[in-house]
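> Give the three-dimensional model of this entry:
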Amino acid sequence: MRILAIVVTYYPEKELLESNVSAFVDEVDKVLIWENTLPKEKSDYRFIHHEKVEYCGDGVNSISHGLNFGWQYAKDNGYDYLLTMDQDSLLEDFVSMKHYAEKHRQEKIILGPSLNKGKDDISRNHVATKVENMITSGMLLSVEVLDVLGGYDERLAIDGLDTDLSYRAQSHDIQLYRLEDCNMIQRFGEPVVRTFCGKEYHISVYSPSRLRSIIKSHVYLIRKYKNMSRDVKRYIVRHYIVDKTKEIILFENQKMRKLFSLYYGIFEGLLVRR
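Now for the predicted structure:
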């Protein structure tokens, strides 16, 4: 079983990227680092020097575009599986995921790790839990499965790729499994703790442009999937629009700019062609 890993980067932190790649490089056959960093600055962020690592990128700042490059590269070069990683992820036991994939090679499935568990919460019983959704980072899936799904929707440049791929998998009876003995430390946005009326709030802070992208993508997904459950739709509206509006007003800087970006993202999401 030949595995190609692809890590999508954008001005990565040196120590975090080094830890990221070192966690799985010995268990895969090749690592592509797709650089969304501006071309004139890429050389300053090439921290990984390993015989298995190759840098790539064509100037298009898009995670979905980079992952489709990895999918095509895997097909052209005889790889069986694709491991997709963000720059700010850290897999703690990729070996268990690899072994599970080898054992179930004949099944059309997508594998992913548990997220941000403490050491005492990690199962050691090789439990695989069927789930309806998982994030793109840490996904291990076969090239055959990606062929069935048609790759990644490039109308979703950065955000919403995980939800989109998960819904398409379900429509093709492809099961998603979270491996409870494979944990991944994942950072979402810039984690910040704020206090209001004596109570602590843990929030994720995004730039105005990223906030706009997040909202645009999720509004598009609601329109794309008519079978999306009401609970998921409510979660998207509550978490990404209602709660985020409150957080910006109460805790964040650039309030007007971020509020404009958020609601302009809604408008853009309503205009994306399906």
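> Report the contact partners of the nearest residue to V219 once chain neighbours are set aside.
Spatially, and ignoring its direct neighbours in sequence, V219 is nearest to G269 (2.7 Å; CB to CB, 6 or more residues apart in numbering). In this view, the C-beta of every residue, glycine as well, is placed from N, C-alpha and C. Under the criterion of CB atoms under 8 Å, 6 or more residues apart in numbering, the contact partners of G269 comprise 215-220, 222-223.
> Just the buried ones out of the residues you listed, please.
215-220, 222 (16 or more other CB atoms under 10 Å).
> Take the residues you listed and keep only those in helices.
215-220, 222 (DSSP state H).
> So which residues of the stretch 51-200 of the chain form strands?
Using DSSP state E, counting those that start in this stretch, the strands assigned to the stretch 51-200 of the chain run over residues 53-56, 81-86, 89-91, 109-115, 128-131, 139-142, 175-186, 190-196, 199-205.
> To S166, which of the ones you listed lies closest?
Between S166 and those, the shortest separation by CB to CB is 6.0 Å, and it involves strand 175-186.
> what about the stretch 51-200 of the chain, any weak spots by pLDDT?
When residues are selected by pLDDT under 70, those of the stretch 51-200 of the chain lie in 118-126, 189.
> State the number of residues packed around L141.
Other residues within reach of L141 by the criterion other CB atoms under 10 Å amount to 23.
> quick one on the thing from earlier: so which of the buried ones among the contacts of G269 is the closest to F47?
Distances from F47 to the buried ones among the contacts of G269, taken as CB to CB, are shortest for S217 (28.8 Å).
> Now do the contacts for the closest residue to the closest one other than its chain neighbours.
Nearest-residue entry for S217: G160, 3.4 Å, with adjacent residues in sequence omitted and distances by CB to CB, 6+ apart. The neighbours of G160, taking CB under 8 Å, 6+ apart as the test, are 214, 217-218, 220-221.
> Kindly recompute the last result at 7 Å.
Each residue near G160 by CB atoms under 7 Å, 6 or more residues apart in numbering is listed here: 217-218, 220-221.
> burial of V31, as a residue count?
Burial measure for V31: 22 neighbouring residues, criterion other CB under 10 Å.
> okay, the angle between the helix or strand encompassing it and strand 81-86?
Applying DSSP states H and E as the criterion places V31 in strand 30-35. Angular relation of strand 30-35 and strand 81-86 on a 0 to 180 degree scale: 30 degrees, by axes from the mean of the first three to the mean of the last three CA atoms, to 10 degrees.
> Now do the phi/psi pair for the residue nearest to S217.
G160 has phi and psi values of phi 90, psi 0 when expressed as degrees, to the nearest 10.
> Mind checking what secondary structure the nearest residue to Y11 once chain neighbours are set aside has?
Beyond its immediate neighbours in the sequence, the residue positioned closest to Y11 (CB to CB, 6+ apart) is T37, lying 5.4 Å away. Taken by DSSP: H, G, I helix; E, B strand; the rest coil, the conformation at T37 corresponds to coil.
> Give me the pLDDT for T37.
Predicted confidence (pLDDT) for T37: 94.
> you'd agree it is up against V8?
No - proximity of T37 to V8 does not meet the contact threshold set by CB atoms under 7 Å, at 10.5 Å.
> higher neighbour count, those two?
V8 (26 against 18).
> The helix or strand where the more buried one lies pairs with which strands, and in what direction?
For V8, the enclosing helix or strand under DSSP H and E is strand 3-9. For strand 3-9, the paired strands and their directions (DSSP bridges) are strand 30-35 (parallel), strand 81-86 (parallel).
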